[in-house]
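In: got a predicted model here, sequence first, then my questions.
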Amino acid sequence: MPEIWTCPKCQREFFRQNQTHYCSDRTIEDIFEGKAADVVLAFDALLLAVAEWEPQVIGAGKNAIIFNNGKAWMVVRALKTELDVSFFYNEILKSSAIKTARLDNMGKNKYVHTLRLRDESDVTPEVVDLLRKGFDFILNSKRLPKLKKVVTKKKVRKKK
């Protein structure tokens, strides 16, 4: 496993020394404060499904839990009644489990896919397979070429 650097201010762990980040003293438990019990169970099931994938560090940011395997590969936000789970891949994946997929704003070399999990039963084998694709994509990505947005041009008629 690569060497881990721990931020001396917030104690978050990273794979790069002096990794740029926003320091936060929040814990994973803090992020789930006041959330529905089913949301906590959904996160527990999600964590069980991916926690042993290596290399990986998992930590709480200001408003989310970040899963990092050299770069952030998944970001989990605890909403009041569901988990908002985002992960990255080099193309748009097709699945009924995916709520949205779009070109990522940061870097433009990957697509961000969003899942919504309401309870532990939503952490299906299909969801775990999708997340594994995201984990492997980020783990194996080096400097990636920028992806182009697909733009369709409308035909313009010339006036006679």
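Out: Thanks, I have it.
In: only C-alpha atoms from now on, for both contacts and neighbour counts.
Out: Will do.
In: what's the next secondary structure element after the worst-scoring helix or strand of the chain on mean pLDDT?
Out: Lowest by mean pLDDT, DSSP states H and E among the helices and strands of the chain is strand 13-14, with a mean of 66. Beyond strand 13-14 on the C-terminal side, the first helix or strand identified by DSSP states H and E is helix 28-31.
In: where do the strands sit along this protein?
Out: 5-6, 13-14, 57-60, 65-68, 72-78, 83-89, 98-103, 111-117 (DSSP state E).
In: buried ones in the longest helix belonging to the chain?
Out: Longest helix in the chain, counting residues (DSSP state H): helix 125-140. Of the residues in helix 125-140, those buried under the neighbour-count criterion (16 or more other C-alpha atoms under 10 Å) are 127, 130-135, 137-139.
In: between these, which sits nearest Thr81?
Out: Within the buried residues of helix 125-140, proximity to Thr81 (C-alpha to C-alpha) peaks at Val127, which comes in at 18.6 Å.
In: for the closest one, give me its contacts.
Out: For Val127, the set of contacting residues under the criterion of C-alpha atoms under 8 Å, 6 or more residues apart in numbering consists of Ala97.
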